[in-house]
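Give me a 3D structure for the following:
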Amino acid sequence: MSTATTTHPSRPSRPTPRRRRRPGFSIQLALLVAMAFAIPAQLYLAIPIAGRIQTAYGVDAASAAWTGAAFSFAYALGFLVFGPLSDRVGRRPVLAIGALATAVITALTAAAPDFGWFLTGRVLQGFAAAAFAPAALAHVTERAPAARRPVALSLLTTGLLGAGIAGQVFGQLMAEHADWRAAFWPAAIGYAMAAAVLWRLLPPGSTGSAASVREVAEAASGLIRTKGPAAVFGSALTVFGSFVAFYAVLERELRETSGFDADQLLLVQAVGAAGLLAGPLVNRRFGAKGPRTLAVAGYLTAAAGLLLALPAQAAAMTGVLIGVSALFVAGTSLIVPGLVGLLHELAPHARGTAGAVNTFVLFVGASAGQLAAAQLGYRPMLVVLVLATLAAGLTVAVFTRSAPCP
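Numbers count the residues shown, from 1 in each chain. Predicted coordinates:
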């Protein structure tokens, strides 16, 4: 007696749900570099349109100047908030929500009915924009393959430096060919689009640190009291400070001795911006030397540019002045990623906090550079900058050995 075996038709198995693959790091980096040019540019955008703002709201020049100062102060202060926050909640939410907030506030600022509301908008705009730099720098240091990290950081910091030129060029174009408020609308739309793309492209990452606000403050205090990070922070004071002060006295010198107008001065900045290419190129070739070596080389290169600019005061040497400005910028483009890379090594467990303090110090230095340039002439300012740059390079060389913070 045989037993019949009943077979049932097999049911097609459900395909295993596939996790959506996020684009590679190169695409993420390209977006972050583009935003590094676009978001900090708001700090410099108001410079060429200050006269239009003054006329539109019926205020004097001193009051109109506060549109830049208010943004700058809130921008620097925001770094101390968003760097630690990105350690706590992750990089993606800080970057994406920060970009969206910047978009909304930028649009509202452009529609401000009076100067008081406009100034308030600039403060809020600066604070929201500060979410980008510390979180982006921390994301790149964490996600970039070790061999590509120096070049990646150099590209990102090139954008942060280049924003100073991009913002002024765009603002100048708007001031000459459109209503001054039109300078804000394209930026607001771009930031909103970037927020959506950031949320889609960036990985969620870890859930962040469970540290309390008090613990974050203690971590920042500990970094400041530790020799290596403290040396980086002290040296960082000179970087954007020298950048701002040098261009301030250079432009004044060219205006007074050579009769340069606003368009010609922007061209000078554009020529100097060619030096920004040095950072990515040198890091690609010599990145294996380590961030400390590249930072010191950057300080020496920047100091050389400043020294060469000293005897080139006469109007007959205008071409030399413009050329050495590119050398100075080339050195600066090496310093910034070098300092960021050093903090990556010296403070591996508090990268967001370390990046926030470092970026805060960079822009405090920029404010100090503006004040110093207003008080000193061309030669005295350059002498001060040479000495400060050499002292900063020596500090990095001596005090930043690659021993992580405890």
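
Tell me, what's the model's pLDDT at the residue most central in space within the chain?
Residue closest to the average C-alpha location in the chain (C-alpha atoms, centre = their mean): Leu160, at 3.2 Å. In the prediction, the pLDDT value recorded for Leu160 is 81.

Leu31 now?
The model reports Leu31 with a pLDDT of 89.

now swap in Pro17 and tell me
Pro17 is assigned 47 on the pLDDT scale.

Identify the residues contacting the residue nearest to the centre of the chain.
If you count contacts by C-beta atoms under 8 Å, 6 or more residues apart in numbering, Leu160 has them with Ala36, Pro40, Ala133, Val336. (C-beta placed from N, C-alpha, C; glycine too.)

The same query, at a cut-off of 7 Å, please.
Under the criterion of C-beta atoms under 7 Å, 6 or more residues apart in numbering, the contact list for Leu160 reads Ala36, Pro40, Ala133.

likewise Val271?
Contacts for Val271 (C-beta under 7 Å, 6+ apart) come out as Ile322, Ala326.

Quick check on Phe184: phi, psi?
Backbone torsions for Phe184, taken as degrees, to the nearest 10, come to phi -90, psi -30.

now the closest residue to it other than its chain neighbours: how far from Ile189?
In space, not counting the residues next to it along the chain, Phe184 is nearest to Ala110; the distance is 3.6 Å by C-beta to C-beta, 6 or more residues apart in numbering. Between Ala110 and Ile189 the distance is 11 Å, computed by C-beta to C-beta, to the nearest Å.

Compare neighbour counts for the two and give me the winner.
For the pair Ala110 and Ile189, the greater number of neighbours falls to Ala110 (19 against 13), based on other C-beta atoms under 10 Å.

pLDDT weak spots in the stretch 1-150 of the chain?
Applying pLDDT under 70 to the stretch 1-150 of the chain picks out residues 1-23, 65.

burial count for Val232?
Here the number of neighbours of Val232 (other C-beta under 10 Å) works out to 31.

Quick check: which element contains it?
Under the criterion of DSSP states H and E, Val232 resides in helix 227-258.

Counting neighbours, which bits of that helix end up buried?
Of the residues in helix 227-258, those with enough neighbours to count as buried (16 or more other C-beta atoms under 10 Å) are 228-254, 257.

Likewise for stretch 150-165?
Counting neighbours by 16+ other C-beta under 10 Å, the buried set in stretch 150-165 is 150-165.

Check stretch 103-116 too.
The neighbour-count check on stretch 103-116 (16+ other C-beta under 10 Å) flags Ala103, Val104, Ile105, Thr106, Ala107, Leu108, Thr109, Ala110, Ala112, Phe115 as buried.

tell me which of these is nearest to Gln28?
Minimum distance to Gln28 across the buried residues of stretch 103-116 is 19.6 Å, recorded for Ala103 (C-beta to C-beta).
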